[in-house]
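[1] coords below, sequence missing:
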Ligand SMILES: [Zn+2]
Ligand SMILES: [Zn+2]
Ligand SMILES: [Zn+2]
């Protein structure tokens, strides 16, 4: 990381397009640019040198497509191409060399055939070759699939110690081709531990600048941008990029002023474009951004932020106490789980808890599979709920996005096992306020455990905002005298520690009649005490009634628009008679 | 008050029976003992002297029945009897002289014919005569009717500046003949501003000692006891009192050790009894009791304490928005209000708000009348709800018990008008957190007004625990953005000021559909935030469902006994099918 340390508080300039330059040098439409590393190294070197001369500090190796998949019909191996590429960059006297890795060019499951593990293996080979050849950084770029980017990042992290730069490419609608927006990209990529993140390709600087706010607001790491030289125009059968070097430099300056720290070019850019960047911002120091910290969970195309609003976590994918679900799990009939997922989302769940814990089930095998299956049918983020550490890690690994882990507790053993997983995969984490001595009777005792866990999590490198504290619902039938301590604890934990809170609502009423009523009253009382994200049954009318009405009270459902739509008709029929009989 | 100041931190000894002594001196069954003041002053003087010699510091004038009513067929006037009585006591060289006033001997309305104002006038005449004759204290004793005691206390307060001692007489079931228990007696009497309170007559010291705990726990003023010499026994046509002077002294010592500060004797006691008291406790200093302060409201036979439990205040006696109630009020058809009172109590209301505010109505006339009528049909304490200060005072004056005044606010004008009424009649008081600048938008602002009102109330001599703060419910349809400030304010006011809180729940949903749902969720959220005494519609199933279930969560309904009884059957029918369809 020495190279990165040297530059991390500086404005950095990348090079520009390789493909565009090679076409000028006569690269044919069917030709693999990477073959030039071996057959025309002097051309590649010349291009590198022109960028260096223009002011580029980081030279990208000519290896964008140097994967086993793309080189299938090529006579050179991944290692040969990459080794040659790095040599050329060094020969050109690049100040820093970044190993370029692009997408594999095949769709991943479930849309395509490529499995997460296969993708990982392809990237791993490139990473190992680049690392062996001695690059300074790894640049993962032009990703439209967050899932593929995750495989690439894990491959880079697990097979080298080099700093990782990762950029995704967005369409004009502000999402990648597979639906990821900047907010989600930032949340997931920085959770996975990249050192620099940002966007590149597809759009020109003018379009990209409008997507910058979420990057600059939420990225804790430096943000990088490599725009194309505008949107390509076809002219006389040739692709032309309309943004001139001067205009390009103008935008670069604008971006740097907003807080972008690393700039370069993508398709259509030339050494002149880079020269303009250098002229405009070469001697600046990066501005210091105010980074906003938030608690969130993501699928690949939805980020649910736990803010002042109420977030509903669906509890129903859990066999505990459910005969039919147990049977289905035993017989590997997973359709029923997928239906549960869809029903819950339709009913208003914003996150789904996924638990398949049964003694007869191999969770390590089943939990990742079901999680991926559920991600196919619903877009909401998932909460991986297991006491089996191996199942947990296997699932978090193949999850597409930023999951919530349910849960870790204050026992040393639990923290030691779960914190590293949360840290590595950037998962949010439900912290149960219990430890070796059990569940403290008092709110103060639970606050103390939450505080201890927070400190230890931070030591593990987990940001505080990734912690969601569960102060633990007691069962009113068995532990009535301390039921209210949970409500007090929610309030204490929120105000003293400034973290978000969750509770499994239904526990409260176990063993008592009219459970829905107790659940409903407890839910509202807990929301009144500051609960952020109840785990509940969204198919319960009473639960969602409480949520809908609390959202009016909590100023979430502005002007009660949704409430009025939901309950207007209902009330026209029912209320009138009621009011009449009561107004005596 | 000089005489009282001199003695207030000392053990004090009263004299014993006058009647018993006079019977020994030959008083006939039909004779009025008070006539002896004029016809046999030497006998009365001798009895006083024997008590003084035995150690009595306070001599009770021989005027127990010296009211206009009792002297109806007597040839001497109230003034003549009292003047003579005081002269004798002085002549006997009594250290202090207490004007004795007993009950009038006629039942008050509604049980009897005597009106509150008539009773007041009778007592007034006695008080004026005694004051003119130069007594040191006024002793109001042997009351079984709290209402009559109130009339006597007001007569004493308004027509003299002398310290007031007041004792009630309890039966073996721990209540007065008209149903008042020690807790209620203490709450109401000390609210009315007596200087000493306690019990006398009817029972011997052994029985009385078991009623002492509530007196000693809650009385902020000195507690006094004048027991009979045991329960009377008939022997050969004569009434005998079995407790010997020695045993009597033993109990006196026991009571003093518990915290009773003023002791004497009632029926059957003699100078020997008083001598034993003197021997046992004459040189003690009073022990310092730990007085518990509580927020409460009382009828004559129910005290509702606002403690950690949830107290339901019924809102339905209020014409606002109720056509039929308005019409009934306009036509002086009050039956409908009485029905509302009964319905609400049957539904679980523990206190009823009484509001008859209509432009066409003379509240000063109607509110006291309706309040008394309602007190006839239900036993719960009432909350007098009016913006008309004169109506408020007239009603609080004739109310039987300790009412709640609804309300005072932080405007100087309101505090100036309402605080003196609350102070004089010992009413609890709802404080609205608004002032000349309106309702503060923030919880902090409302806390500040509550704090200001608390300070000013204390300046007026109102104990802090008589204040119940209403942080004001905003209407979600009109002021959605600050609805949650009310919940925060409840929490702040409770924790920072340590006072109880109330809220008018139904306001929240005005102008929105499905009001019951919003009310219900808001109620539970407010209870979760620490609300003590919601004002609500107890005939709403949803409201009482919320209350019943919250009482389980709040550890009030121990082991959910009431909850289970209420909802068991319901759930057997309804839940099964529901659970079945949901457990997929
Ligand atoms: Zn490009
Ligand atoms: Zn007596
Ligand atoms: Zn007596």
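    Sure thing, it's come through. Predicted model, so just to flag it, every value in this text is computed and none were measured. Ligands and ions are numbered 1, 2, ... in the order given.
[2] contacts and neighbour counts: CA atoms only from here.
    Will do.
[3] Relative to residue A:403, how far out is the residue in the stretch 151-300 of chain A that ligand 2 sits nearest to?
    Scanning the stretch 151-300 of chain A for the residue nearest ligand 2 gives residue A:295, at 74.0 Å (criterion: CA to the ion). Going from residue A:295 to residue A:403 by CA to CA, to the nearest Å gives 11 Å.
[4] Look at the two and report which has more neighbours.
    Neighbours per residue (other CA atoms under 10 Å in any protein chain shown) separate residue A:295 from residue A:403, with residue A:403 holding more: 27 against 19.
[5] Can you check the pLDDT for the more buried one?
    With respect to pLDDT, residue A:403 scores 98.
[6] Equivalent analysis for residue A:6, please.
    70.
[7] measure it to ligand 2 for me?
    99 Å (CA to the ion, to the nearest Å).
[8] Just give me the neighbour total for that residue.
    Each residue near residue A:6 was counted by other CA under 10 Å, and the total is 9.
[9] Which helix or strand contains it?
    Element membership for residue A:6, per DSSP states H and E: helix A:2-7.
[10] what element comes up after that helix heading to the C-terminus?
    Using DSSP H and E, the helix or strand that directly follows helix A:2-7 along the chain is strand A:12-13.
[11] partners of that next one, with directions?
    Here strand A:12-13 is paired, per DSSP bridges, with strand A:262-265 (parallel).
[12] So for the next helix or strand after the strand it pairs with, mean pLDDT?
    Moving toward the C-terminus from strand A:262-265, the next helix or strand (DSSP H and E) is helix A:271-281. The pLDDT scores in helix A:271-281 average 97.
[13] SS state for residue A:430?
    When classified by DSSP: H, G, I helix; E, B strand; the rest coil, residue A:430 comes out as strand.
[14] bridging residues for it?
    Counting by DSSP bridges, residue A:430 is bridged to residue A:406, residue A:468.
[15] which residues does the spatially most central residue of chain A contact?
    By CA atoms, centre = their mean, chain A has its centre lying nearest to residue A:188, at 1.8 Å. Neighbouring residues of residue A:188 by CA atoms under 8 Å, 6 or more residues apart in numbering or on different chains: A:298, A:401, A:402, A:426.
[16] any idea how far the residue lying closest to residue A:411 once chain neighbours are set aside is from residue A:417?
    Using CA to CA, 6 or more residues apart in numbering or on different chains and skipping residues adjacent in sequence, the residue nearest residue A:411 is residue A:435, 4.4 Å away. To residue A:417, residue A:435 is 14 Å away according to CA to CA.
[17] Quick check, the residue in the stretch 351-500 of chain A closest to ligand 2?
    Closest approach between the stretch 351-500 of chain A and ligand 2, counting by CA to the ion: residue A:481, at 46.4 Å.
[18] hang on, isn't that residue packed against residue B:555?
    Yes: counting by CA atoms under 8 Å, residue A:481 touches residue B:555, with 5.5 Å between them.
[19] still on that earlier bit, what's the overlap in contacts for residue A:295 and residue A:403?
    With contacts defined as CA under 8 Å, 6+ apart, the residues shared by residue A:295 and residue A:403 are residue A:428.
[20] quick one on the thing from earlier: okay, now the residue of the stretch 351-500 of chain A closest to ligand 2: neighbour count?
    Applying the criterion other CA under 10 Å, we find 19 residues in the vicinity of residue A:481.
[21] With residue A:561 instead?
    10.
[22] From ligand 2, how far off is it?
    When distance is defined by CA to the ion, residue A:561 is 71 Å away from ligand 2.
[23] and that residue, helix, strand or coil?
    On the three-state scheme (three-state DSSP), residue A:561 is labelled helix.
[24] Check residue A:100 too.
    What three-state DSSP gives for residue A:100 is strand.
[25] What is the burial count for residue A:286?
    Count around residue A:286 with other CA under 10 Å applied: 20.
[26] Quick check: it touching residue A:10?
    Yes: contact status for residue A:286 versus residue A:10: in contact at 6.0 Å, counting by CA under 8 Å.
[27] Can you check which residues contact both of the two?
    Common contact partners of residue A:286 and residue A:10 (CA under 8 Å, 6+ apart): residue A:261.
[28] Wait, a helix at residue A:535?
    No: counting by three-state DSSP, residue A:535 is not part of a helix but strand.
[29] correct me, but it touches residue A:313?
    Yes: between residue A:535 and residue A:313 there is a contact under CA under 8 Å: 4.6 Å.
[30] Could you check which of these two is surrounded by more residues?
    Neighbours were counted for residue A:535 and for residue A:313 using other CA under 10 Å; residue A:313 has more, 26 against 22.
[31] need the residues of the stretch 101-250 of chain A near ligand 1, please.
    Those residues of the stretch 101-250 of chain A that sit near ligand 1, judged by CA under 5 Å from the ion, are residue A:201.
[32] hmm, 8 Å instead?
    A:142, A:200, A:201, A:202, A:226, A:227, A:228 (CA under 8 Å from the ion).
[33] Contact partners for residue A:242?
    By CA under 8 Å, 6+ apart, residue A:242 lies in contact with A:229, A:230, A:231, A:232, A:233.
[34] my bad, residue A:117
    By CA under 8 Å, 6+ apart, the contact set of residue A:117 is residue A:151.
[35] Check which helix or strand it maps to.
    Here residue A:117, judged by DSSP H and E, is contained in helix A:116-133.
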